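> A structural model of the following input is requested.
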Amino acid sequence: MTPHDATDERKYRAPALEKGLDVLELLSSQAEPMTPSQMSTTLGRSVSELFRMIQVLEFRGYIEQSSDGYRLTNRLFSLGMAQAPIRTLSDAALPVMRALAAETIQSCHLVVPSGDQIVVIARVESPGDLGYSVRIGYRRSILHATSGLMLYGCANPSARAALHDALAQIHGPRKTAAFARNAMAVAQAGHIERASDFVKGVTDLVAPIMGSDGVIATLITPYIERTPRHLTLAQTVVRLRRAAGEISDKMSSVPHA
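Okay, here's the model as predicted:
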């Protein structure tokens, strides 16, 4: 039986719920807001079919309207954050992140994998007058993110194989193979230094947070060269890796159900 046949033979269906989930899943995969007509074209549904779903999702706070269309709010993210593993990771990481930010005078972010994407689940702003950070809930394809290299390269073999298959389906085998080679190389180094592809003058510094069965998150410092300089990039890397190791030690000692 094909997956399509299995879907058709489900005993219980909720068409209205499925339309709403289609909208949420579509918006979660997009970097930019979408208009109802764009959603209609992508999903193969009429605008009138989606209109009420969009209204309800907006009323319940799951999506919001901007000048360019609709986008997700952080409501789904907040629900996910209430889950015990994520809450435990955030609780363990935030005190260490605050100490790291105070020591380096740089912001830092905690990133976890979510399917074929990365998502920022916590951040600590730079205590200085100047800093760079991204919003909590920010998502990006693992294949295009600096953190993605570390999450792939430090994953256990089964998780890496599953991620490879998922990325290959989306981005193609050639691009995925090149990404995988790069990821395995940087994982050997224990951290990543890479110029930001968003902001000139910012260098993404990434270190892995390891659990009992491979990488579970990454810790990132978007390093900004300051005048006068507080810490060099190399000195910041040392402190970042130490902080990631401290969080890893905490998470490795967390009992699993």
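> What about residue 143, how many residues nearby?
23 (other Cβ atoms under 10 Å). Any C-beta I mention is one placed from the backbone N, CA and C, and that applies to glycine too.
> go on, residue 208?
With other Cβ under 10 Å as criterion, residue 208 counts 26.
> so it, which of the three states?
strand (DSSP: H, G, I helix; E, B strand; the rest coil).
> wait, it sits on residue 218?
Yes: between residue 208 and residue 218 there is a contact under Cβ atoms under 8 Å: 5.8 Å.
> Can you check which residues contact both of the two?
150-151, 244 (Cβ atoms under 8 Å, 6 or more residues apart in numbering).
> out of those residues, which is most surrounded?
Neighbour counts for the shared contacts of residue 208 and residue 218 peak at residue 150, which has 30 neighbours (criterion: other Cβ under 10 Å).
> three-state assignment of that one?
helix.
> gap between it and residue 25?
26 Å (Cβ to Cβ, to the nearest Å).
> Three-state assignment for residue 127, please.
coil.
> residues in contact with it?
Counting by Cβ under 8 Å, 6+ apart, residue 127 has contacts 101-102, 105.
> What backbone torsions are found at it?
According to degrees, to the nearest 10, the main-chain angles of residue 127 amount to phi -80, psi -10.
> For this protein, which segments count as strands?
63-66, 69-72, 108-114, 117-124, 139-141, 192-195, 202-211, 214-224 (DSSP state E).
> can you pull the buried residues of the longest one?
So the one you mean is strand 214-224. 215-224 (16 or more other Cβ atoms under 10 Å).
> Need the CA coordinates for it. CSV is fine.
The C-alpha coordinates for strand 214-224 follow below in CSV (Å, rounded to 0.1, in the frame of the first residue of the first chain):
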residue,chain,number,x,y,z
GLY,A,214,25.6,12.9,20.0
VAL,A,215,25.0,16.6,19.4
ILE,A,216,21.8,18.1,20.8
ALA,A,217,22.4,21.8,20.1
THR,A,218,24.9,24.5,19.2
LEU,A,219,26.1,27.6,21.0
ILE,A,220,26.8,30.6,18.8
THR,A,221,28.6,33.8,19.3
PRO,A,222,28.2,36.3,16.4
TYR,A,223,31.6,38.0,17.0
ILE,A,224,31.9,41.7,16.3
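> Tell me what angle it forms with strand 108-114.
140 degrees (axes from the mean of the first three to the mean of the last three Cα atoms, to 10 degrees).
> Residues in a beta bridge with the residue minimising distance to the centre of the chain, which ones?
Residue closest to the average C-alpha location in the chain (Cα atoms, centre = their mean): residue 119, at 1.6 Å. Beta-bridge partners for residue 119, by DSSP bridges, are residue 112, residue 139.
> ok, it to residue 37 distance?
28 Å.
> go on, residue 175?
Note on residue 175: its distance to residue 37, by Cβ to Cβ, is 30 Å.
> Could you pull up the contacting residues of residue 185?
Contacts of residue 185 by Cβ under 8 Å, 6+ apart are residue 153.
> cool, and residue 191?
By Cβ under 8 Å, 6+ apart, residue 191 lies in contact with 150, 205-208, 237, 240-241.
> at 6 Å instead, please
207, 237, 241 (Cβ atoms under 6 Å, 6 or more residues apart in numbering).
> Separate out the buried members of the residues you listed.
207, 237, 241.
> Now render these as a markdown table, adding distance to residue 56 and pLDDT.
Shown next, in a markdown table, are the buried ones among the contacts of residue 191 (distance: Cβ to Cβ, whole Å; pLDDT from 0 to 100):
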| residue | distance to residue 56 | pLDDT |
| --- | --- | --- |
| 207 | 42 | 96 |
| 237 | 48 | 96 |
| 241 | 46 | 96 |
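> Can you lay out these as CSV showing distance to residue 160?
Below are the buried ones among the contacts of residue 191 laid out as CSV (distance: Cβ to Cβ, whole Å):
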residue, distance to residue 160
207, 18
237, 25
241, 22
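> re the thing from before, of all pairs in the buried residues of strand 214-224, which one is the farthest apart?
Spanning the widest gap among the buried residues of strand 214-224 are 216 and 224, at 27.1 Å by Cβ to Cβ.
> Thanks a lot, catch you later.
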